[in-house]
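Asker: Requesting a structural model of the entry that follows:
(one chain, ligands or ions: 1)
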Amino acid sequence: MGPRYPASVSSRIVTRPTLLDVVEEVTAPSGSTTHRQAAARHRPALSPSRAADFKQCPLLYRLRAIDRIPETPTTAQARGTLVHAALENLFDLPAELRTPEAALDLVDGAWAAICAQAPELRELVPEDETTTFLSGAHKLMTTYFRMEDPSRFDAESCEVRVEVEIDGDVLLRGFVDRVDVAPDGRVRVVDYKTGRSPGEAFEAKALFQMKFYALAIQRTTGTLPTRLQLMYLADGQQLTYDPDRDEIERFGRTLAAIWRAIRTAGTTGDFRPRRSRMCSFCDHRSLCPEFGGTPPPYPGWPEP
Ligand code: SF4
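Answerer: Below you'll find the predicted structure:
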């Protein structure tokens, strides 16, 4: 029998940032004490999404990771948060109770709990749109049950935050939806996506995320996951990746190079905008020189 998933990962489990965190920051005006305190609390780290931000547009990275300018939460994000919460709760149930009916109840219960904690979400999903919103989440959950039967196995852990430093000063931080360990010790990392599977052109981005998790988990636990699996609940497709040790080591060097580029820009504040078709999804066009805006004064790298 191979090694079990080491307990060191359990000690690194913390609450995953959810839409509630987004709402908290949205309600704190940019530049307010609360906003600055939130920024100070977070030592910059490289996550799959922040690395992708920097590669796409250095200014976008700055506005998100350093200035931490709030972005407007969307209904799709709310649905994603909801389904992730329900799936996490599903694996808290005894295996025989993990049925599709129970899962739909968990969706409704999770939504009530989320709204109780953040009544602002009622504005995002008004009362008369709740039924449609929840039925969208139910559909995703129904698709999940077509993809796997959660009553046939137990998850080792859900909603795991992995944080590890590589090469001395590259802090990697990632959130893993679920880790499974087979009886023979093989580790599978599962990430749920509430959107559709990517076209070929975007598969590299998905692969980047999977390699990131493989490296972070390997460096945290000493065990290289056997399989990484992205489950796309909108269309029932899966993307799997079986990492190779040498490839993951090379990927670590790529991440280190990205981090060095970020730190260089962080020293000077020279985060240049890079215009692309992705700009149409950017919340920060009004602050972007490419669209006639002016970014706020650079607050400096948030570390001593
Ligand atoms: S609008 Fe485009 S160029 Fe400007 S910050 Fe956003 S992603 Fe970068």
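Asker: counting contacts, what elements does the host helix or strand of residue 163 pack onto?
Answerer: Assigned by DSSP states H and E, residue 163 falls within strand 157-166. Applying 3 or more Cβ pairs under 8 Å, 6 or more residues apart in numbering; DSSP states H and E, one finds that strand 157-166 contacts helix 7-10, helix 75-90, strand 170-181, helix 200-221, helix 245-268. Backbone N, C-alpha and C define where each C-beta goes, glycine included.
Asker: Can you check which of these gets nearest to the ligand?
Answerer: Taking Cβ to the nearest ligand atom, helix 245-268 is the member of the helices and strands packed on strand 157-166 nearest to the ligand, at 13.3 Å.
Asker: can that closest one be found next to the ligand?
Answerer: No: using Cβ under 6 Å from any ligand atom, helix 245-268 stays clear of the ligand, coming no nearer than 13.3 Å.
Asker: And that helix, how far out from the chain middle?
Answerer: In terms of Cα atoms, centre = their mean, to the nearest Å, the centre of helix 245-268 is found 19 Å from the chain centre.
Asker: Remind me what it packs against, helices and strands.
Answerer: So helix 245-268, by 3+ Cβ pairs under 8 Å, 6+ apart, packs with helix 48-56, helix 58-61, strand 157-166, strand 170-181, helix 200-221.
Asker: In terms of mean pLDDT, which of the helices and strands packed on strand 157-166 ranks lowest?
Answerer: Mean pLDDT per stretch puts helix 7-10 lowest among the helices and strands packed on strand 157-166, at a mean of 30.
Asker: is stretch 69-81 anywhere near the ligand?
Answerer: No: shown here: stretch 69-81 not in contact with the ligand (Cβ under 6 Å from any ligand atom), separated by at least 10.2 Å.
Asker: For the residue in the stretch 1-150 of the chain that the ligand sits nearest to, which non-adjacent residue is spatially closest?
Answerer: Nearest to the ligand in the stretch 1-150 of the chain, going by Cβ to the nearest ligand atom, is residue 57, at a distance of 3.3 Å. The shortest distance from residue 57 to any non-neighbouring residue, by Cβ to Cβ, 6 or more residues apart in numbering, is to residue 274 (4.3 Å).
Asker: how far away is that neighbour from residue 303?
Answerer: Separation of residue 274 from residue 303 (Cβ to Cβ, to the nearest Å): 25 Å.
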